[in-house]
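>>> turn this into a structure:
(one chain, ligands or ions: 1)
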Amino acid sequence: MASIGTISTYPNNARAAKAVIAGAYNGVKVDLKDFDFAKDVTPEFLAKFPMGKVPAFESSEVNLFESSAIGYYAALAKENSGLVGKTAVEKALVMQWILFAENEIAANVGGWVYPLLGYQTYIKPNVDAAQEKVKRAMAALDKILLTKTYLVGEEITYADIAVVCNLSLPYTLVFDKAFRSEYKNVTRYFTTVAGKDHFKAALGEVKLCETPLKFVPAKKEKKETAKKEDAPKKEKKEKKKEEVAEDPMDDTPKPAPKVKSALDLLPPSKFVMDEWKRMYSNNKTDVAMKWFWENHDSEGYSLWRADYKYNDELTLVFMSCNLIGGFFARLERARKYAFGSMIVCGENNNNNIAGYFLIRGQTIPEEVYDAADFESYNFTKIEPSQYEEKKDEIYKYMAWEVEGCQDGKIFK
Ligand SMILES: N[C@@H](CCC(=O)N[C@@H](CS)C(=O)NCC(=O)O)C(=O)O
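Have a look, this model is predicted:
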């Protein structure tokens, strides 16, 4: 079999498998070369692949990065290959599934699985939000596959290759039996396609997940949280020292001041948090919320519902309210970037705490998740597509008009 080029990758990379499978369907070979991040990210490699990522494809004709493009190139390796679709409609559908595989599956699976594998910091609300997005994609796929064997037309196309390869990681690591039973059509499709010879040759025998990966907090982390309690004092002292030591006449070049928060690096937003806080404080909630929805910037800010995890341990209403106060006090660093309304509903010995937050950016920032009490709350992201459905509920939490509302606090 003629080779169309070589992919550098670490072993068993499902992203690289896309090109190998597409090549196999077209009767061409794609060679694989072992890549070691410790020594192979050389200036020569970066000159060809400026992202410094793998899979990275080289041939006499072209150097390619991004696994979908590499796979697509292999899918085009035979003239009139059916893999990319035969008609304009089929071609567009194939493109649709390539983008779906990348943006709705791979990106969100990464947000769910990478923190569990230790590749990224584990931030529960972000992992939960990613998991919800994967479920949404799986639900959509499940509906479509109710009546179809393959995604486009009646035969395997590159759409199936892209989607199945991107599903192989979660099917192995986190989609356990219970999860799979929610998406029976996708699971039937996945096992059928992944069981085909060309897929098996590239992906190996896919072993469906039995025990899903779970987050295991390192013991060390607890100690660090405890230590943090007295860290601010120390920091203050050190800051004072620095101030005294600074010589106003010393004009030696100084390093650029550190950015105070990663949130300051986000693209500017037309929504001004301070303006919103003034609006909320100085107007009735209906006027304020009208302004809010007219000015809200869903790219620059995100909305979150926060639920206290241990409602069954709450006793007196005023104590629950103090708990919110304590949480807000620890959120001091987030004041510039967040607004929240949290309320206590119910009665003494039978109450609960919940509310809504507006937060700069699309994920929970360090300023929030670092607060000591953060772990006591479940933060669930409200996606823009859910705004309409949630508007009334959000209004009630902002206006403290939720049934049984006894008291609350505003973080502003
Ligand atoms: N969207 C890219 C993602 C590539 C990617 O993130 N590769 C990872 C390994 S799976 C990598 O090379 N990471 C190294 C880095 O981020 O520096 C693709 O599908 O090819």
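>>> quick check: buried residues in stretch 299-319?
Neighbour-count burial for stretch 299-319 flags Gly300, Tyr301, Ser302, Leu303, Trp304, Arg305, Ala306, Tyr308, Asn311, Leu314, Val317 (criterion: 16 or more other Cβ atoms under 10 Å). All C-beta atoms are positioned from the backbone trio N, CA, C, and that covers glycine.
>>> which residues touch the closest residue to the ligand within the stretch 201-350 of the chain?
Using Cβ to the nearest ligand atom, Leu203 is the residue of the stretch 201-350 of the chain that sits closest to the ligand, at 14.7 Å. Taking Cβ atoms under 8 Å, 6 or more residues apart in numbering, we find Leu203 in contact with Ala14, Ala17, Ile21, Cys165, Ser168, Ala194.
>>> narrow these to those in helices?
Among those, the ones falling in helices (DSSP state H) are Ala14, Ala17, Ile21, Cys165, Ser168, Ala194.
>>> and the two most separated of those?
Ile21 and Ser168 (11.0 Å; Cβ to Cβ).
>>> burial count for Gly71?
31 (other Cβ atoms under 10 Å).
>>> with His296 instead?
18.
>>> go on, Trp293?
11.
>>> which secondary structure element contains it?
Secondary structure assignment for Trp293, by DSSP states H and E: helix 285-295.
>>> residues of that helix that come out buried?
Result for helix 285-295 [16+ other Cβ under 10 Å]: buried residues Thr285, Ala288, Met289, Phe292.
>>> closest to Met138 among the residues you listed?
Of these, the one sitting nearest to Met138 (Cβ to Cβ) turns out to be Phe292, at 32.4 Å.
>>> now do the closest one, the pLDDT please.
Phe292 carries a pLDDT value of 96.
>>> ok so, going back, highest neighbour count among the contacts of Leu203?
When neighbours are taken as other Cβ under 10 Å, the top entry among the contacts of Leu203 is Ile21 (32 neighbours).
>>> that one: what's it in contact with?
Applying Cβ under 8 Å, 6+ apart, the residues contacting Ile21 are Gly71, Ile161, Cys165, His198, Phe199, Ala201, Ala202, Leu203.
>>> among the residues you listed, which ones are in helices?
Using DSSP H, those in helices are Gly71, Ile161, Cys165, His198, Phe199, Ala201, Ala202, Leu203.
>>> what's the spacing between the first one and the ligand?
The one in question is Gly71. Using Cβ to the nearest ligand atom, to the nearest Å, Gly71 is found at 9 Å from the ligand.
>>> what's the closest non-adjacent residue to that residue?
For Gly71, ignoring the flanking residues on the chain, the nearest one in space by Cβ to Cβ, 6 or more residues apart in numbering is Lys18 at 3.2 Å.
>>> so how many other residues sit close to the one you found?
31.
>>> what does Lys390 give?
15.
>>> residues in contact with whichever strand or helix holds it?
Assigned by DSSP H and E, Lys390 belongs to helix 387-399. The contact list for helix 387-399, computed with Cβ under 8 Å, 6+ apart, reads 280, 285-286, 288-289, 293, 298, 303, 305, 341, 343, 354-356, 382, 401-402.
>>> and it, what's its mean pLDDT?
Averaging pLDDT along helix 387-399 gives 95.
>>> so Trp304 sits in a strand?
Yes: counting by DSSP: H, G, I helix; E, B strand; the rest coil, Trp304 is found in a strand.
>>> contacts only, for it.
Contact analysis of Trp304 by Cβ under 8 Å, 6+ apart lists Pro125, Tyr356, Phe357, Leu358, Ile359, Ile364, Phe379, Thr380, Lys381, Ile382.
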